[in-house]
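Undergrad: need a structure here:
(2 chains)
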Amino acid sequence: MPVLKVEKLTKSFGGLMAVHNVDLDIYKGELVGLIGPNGAGKTTVFNLLTGFYMPTKGKITLWKDGKQKDLQGLKPHTICNEGLARTFQNIRLFKDLTVLDNVRIAMHRNVRYGLLSAFFHLPSYKREETKLLKKSMELLKIMKLDHKYNEYAKNLPYGEQRHLEIARALATNPTVLLLDEPAAGMNPAETVMLSELIGWIRRKFDLTILLIEHDMSLVMKICERIYVLDYGMVIANGAPDEVKSNKRVIEAYLGEDVGDA
Amino acid sequence: MKEKRKKIFGQNITKTILALTLTYVIIQLLVYTNIINSYLQITLATICINIILAVSLNLITGFTGQFSLGHAGFMSIGAYACAIITLKNPTTTGFVLGVLTGAVAAAIVGFLVGLPTLRLQGDYLAIATLGMSEIIKVVFINLDKITNGAAGLSGIPQFVNWTWLFVFTAGTILVIFNLLRSSHGRACISIREDEIAASAMGINTTRYKVIAFTFGAFCAGIAGALYASYFYFIEPGLFGFQRSIDVLVIVVFGGLGSISGSVLAAILLAVISTYLQALSEIRMILYSLLLIIIMLFRPQGLLGSKEISLNFFKKRGKLFPGKGRI
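TA: So this is what the prediction gives:
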């Protein structure tokens, strides 16, 4: 059963077809990679899925708890609340806020008290904030960031900032998680740790993950299925080994040694 | 965990109440014994009104990150509403009704203006809000029958004394402070930090921008109402561009994103300008020089985005997690 289905997704910027008739089927519990040369339109696909760009045409459908929901044309915050969370290629944490606040903000939609209670700190404020605090600390503990809860996000080492961004995305309680180049800028040792983390959170949170990655070793190692994008179009899709030996993929990556990875 | 929770929920309520009562009683005593004479009382009123304006503008600009130059416009709505109502009904009930009507009217205008203009960002929003406040001014000048046009309204009954000033000022500070320590307040702050990331985390950014703007306008309406009732006389020219800038100066001077900074700056600037009255000719030059010097040495404002806490002297007082910042 698919959990995310994309049909004929197209986005044109003036005369440029950034994404052209892209079809994706992501099934529950899968870990799918989205690869392609620079400028192939990978991040554009993410921006379309999460509502930051309006699709020129096409359909995006998400299944959550057996219910079907069309996402195209919705605002980013609505899409997030429907269960599609993302991270960013260039880390976008709330830098001047603490680690704890970064996570608490992402949990905002679960907070059940109104403005009046916020103004006067009525009993519901205290009850809900205590609950929120407990849940955030639990999540930080899982992500091994709990000892730094009071640290500014900007003061974390690079690797931990990436972790925090994933933690923050998890805080929105997604069914599908979109990771945009999670290993960018990491050294090989950190990349290995990251790939373990991704596999682990997928089981722990019962997630379906779609990730964009340049690091072929990571993609080939952890992804069960791969979509290859070039010039905005899907040129191949299948298991890592199939994709690796696909002629069109090798052509698209001309100069890059896919076979080695 | 208990320590952590205390750190996160901030200091206890009793201390806050104690500090507030003390402030009220001391100033009341000083007024009663005439140490704060009638001249200094004008400064006191100015300080309180400026605190309300600055703290509420800080909510919009310093915390939510929306650059607004229209605060004087909202203030004038509160001032006119309160003036008109108390002139017709010169009783305490009339006054309270006037303040509330003024605040609500300002909030409604804030909401209506905010909905379309908050799509704009940075300089564009500043220009739009500036235009809005000029439009409000022109409307008041041209509504001759109700507002007496450019000549303004005079003889407004004075109900405002230290007690009322204290109630509204402390109330505004507390409510905004509480809001910022709630999940809704954090949603506002996340917009300042990174609007795109905030919306990707499920925050309805438009909603929270409008909430901050509307509530800021509400408070500015209160400030305007207090102004009208304290100074007997209002005319549209009092609520021009210059006043919006004055408030902005207090906010920037105190530190964008610091409530206690705004309070401190409002007090300091009022005191400085009161004491400079003696040097009438060069007063404004000195005032401006002082601002330039302070901005050169503290570009982040007096307190940056930190807060002074009641535990300040224990050297560990943190109202907010994260080294005193929100």
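Undergrad: Identify the bridge partners of the residue nearest the centre of chain A.
TA: Taking CA atoms, centre = their mean, the centroid of chain A lies closest to A:Leu178, which sits 2.0 Å from it. Counting by DSSP bridges, A:Leu178 is bridged to A:Arg86, A:Leu210.
Undergrad: Please report the distance of it from A:Thr43.
TA: Distance, A:Leu178 to A:Thr43, by CB to CB, to the nearest Å: 10 Å. Where C-beta positions appear, they are placed from N, C-alpha and C, glycine not excepted.
Undergrad: Over to A:Glu190?
TA: 22 Å.
Undergrad: Can you give me the pLDDT of the residue nearest to the centre of chain A?
TA: Note on A:Leu178: pLDDT of 96.
Undergrad: Same check on A:Gly66?
TA: 82.
Undergrad: Tell me, how many residues neighbour it?
TA: 6 (other CB atoms under 10 Å in any protein chain shown).
Undergrad: the helices in the chain, which residues?
TA: Unless you meant another one, I'm taking chain A. Counting by DSSP state H, chain A has helices at residues A:42-49, A:76-82, A:99-106, A:115-120, A:123-142, A:158-171, A:188-204, A:216-222, A:240-245, A:247-252.
Undergrad: I was after chain B.
TA: B:2-9, B:13-32, B:38-57, B:71-88, B:92-117, B:123-142, B:144-147, B:162-180, B:183-193, B:195-200, B:205-230, B:241-254, B:259-275, B:283-297.
Undergrad: With A:Lys75 as the reference, name the closest of those.
TA: Ranking the helices of chain B by proximity to A:Lys75 (CB to CB) places helix B:195-200 first, at 7.2 Å.
Undergrad: For that closest one, name the packing helices and strands.
TA: In terms of contacts (3 or more CB pairs under 8 Å, 6 or more residues apart in numbering or on different chains; DSSP states H and E), helix B:195-200 is packed against helix A:76-82, helix B:183-193, helix B:205-230.
Undergrad: let's see 7 Å
TA: Helices and strands touching helix B:195-200, by 3 or more CB pairs under 7 Å, 6 or more residues apart in numbering or on different chains; DSSP states H and E, are helix A:76-82, helix B:205-230.
Undergrad: With distance to B:Ile294, mean pLDDT and mean neighbour count as new columns, can those be given to me in a markdown table?
TA: As requested, the helices and strands packed on helix B:195-200 are exported to a markdown table (distance: least, CB to CB, whole Å; pLDDT from 0 to 100; neighbours: other CB atoms under 10 Å in any protein chain shown):
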| stretch | distance to B:Ile294 | mean pLDDT | mean neighbour count |
| --- | --- | --- | --- |
| helix A:76-82 | 39 | 95 | 22 |
| helix B:205-230 | 24 | 96 | 26 |
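Undergrad: Close to chain B: what parts of the stretch 151-261 of chain A are there?
TA: A:152, A:168, A:172 (CB under 7 Å from any CB of the partner chain).
Undergrad: Which of those sits closest to A:Arg92?
TA: A:Arg168 (9.5 Å).
Undergrad: so what's the closest one up against?
TA: A:102-103, A:106, B:201 (CB atoms under 7 Å, 6 or more residues apart in numbering or on different chains).
Undergrad: again, but for A:Arg92
TA: Per CB under 7 Å, 6+ apart, neighbours of A:Arg92: B:194, B:196-197.
Undergrad: go on, B:Gln300?
TA: Taking CB under 7 Å, 6+ apart, one finds B:Gly255 in contact with B:Gln300.
Undergrad: redo that, cut-off 8 Å
TA: Taking CB atoms under 8 Å, 6 or more residues apart in numbering or on different chains, we find B:Gln300 in contact with B:255-256.
Undergrad: and the gap between it and chain A?
TA: 12 Å (CB to the nearest CB, to the nearest Å).
Undergrad: Look up phi and psi at that residue.
TA: Here is the backbone geometry of B:Gln300 (degrees, to the nearest 10): phi -80, psi 0.
Undergrad: ok, it to B:Gly257 distance?
TA: In terms of CB to CB, B:Gln300 sits 9 Å off from B:Gly257.
Undergrad: Now the common contact residues for those two.
TA: Joint contacts of B:Gln300 and B:Gly257 (CB under 8 Å, 6+ apart) do not exist.
Undergrad: before we move on, the earlier item: which one of the helices and strands packed on helix B:195-200 lies closest to A:Ser12?
TA: Comparing the helices and strands packed on helix B:195-200 by CB to CB, helix A:76-82 comes nearest, at 20.4 Å.
Undergrad: same for that closest one, what does it pack against?
TA: Against helix A:76-82 (3+ CB pairs under 8 Å, 6+ apart) you get helix B:195-200.
Undergrad: dump the residue contacts of B:Met201.
TA: A:77, A:80, A:85, A:105-106, A:108, A:168-169, A:171-172, B:190.
Undergrad: So which of these is the closest to A:Asn237?
TA: Nearest to A:Asn237 among the contacts of B:Met201, with distances taken as CB to CB, is A:Ala85, at 23.2 Å.
Undergrad: remind me which residues of chain B are low pLDDT?
TA: B:1-12, B:309-326 (pLDDT under 70).
Undergrad: 80 instead, please
TA: B:1-13, B:121-122, B:280, B:283, B:308-326 (pLDDT under 80).
Undergrad: A:Asp215 against A:Pro182, yeah?
TA: No: A:Asp215 is not in contact with A:Pro182 according to CB atoms under 8 Å; the separation is 9.1 Å.
Undergrad: Out of the two, name the residue with the larger neighbour count.
TA: For A:Asp215 and A:Pro182, the more surrounded residue by other CB under 10 Å is A:Pro182, and the numbers stand at 24 against 19.
Undergrad: thinking again about what came up before, out of the contacts of A:Arg168, the closest to A:Lys134 would be?
TA: Closest to A:Lys134 out of the contacts of A:Arg168 is A:Val103 (11.8 Å), distances taken as CB to CB.
Undergrad: Contact partners for that closest one?
TA: A:136, A:139-140, A:164, A:167-168, A:171.
Undergrad: Distance of B:Ser190 relative to A:Val103?
TA: From B:Ser190 to A:Val103 the distance is 12 Å (CB to CB).
Undergrad: typo on my end, B:Leu143
TA: Counting by CB to CB - B:Leu143 and A:Val103 are separated by 51 Å.
Undergrad: can you check B:Thr14 too?
TA: On the measure of CB to CB, B:Thr14 and A:Val103 end up 30 Å apart.
Undergrad: And for B:Thr274?
TA: Look at B:Thr274 and A:Val103: by CB to CB, they are 47 Å apart.
Undergrad: Next: A:Ala18.
TA: In terms of CB to CB, A:Ala18 sits 33 Å off from A:Val103.
Undergrad: Show the contacting residues for the residue located most distally from the centre of chain A.
TA: Distance from the C-alpha centroid of chain A, by CA atoms, centre = their mean, peaks at A:Phe120 (36.6 Å). A:Phe120 is in contact with B:175, B:178, counting by CB under 8 Å, 6+ apart.
Undergrad: Can you list the low-confidence ranges for chain A?
TA: Ranges of chain A meeting pLDDT under 80: A:214-217, A:253-261.
Undergrad: what do you get if the cut-off is 70, keeping everything else the same?
TA: A:254-261.
Undergrad: To what extent is residue 111 buried, counted in neighbours?
TA: The chain I'm using is chain A. Neighbours of A:Val111 using other CB under 10 Å come to 21.
Undergrad: Let me rephrase: I mean chain B.
TA: Neighbour number of B:Phe111 under other CB under 10 Å is 16.
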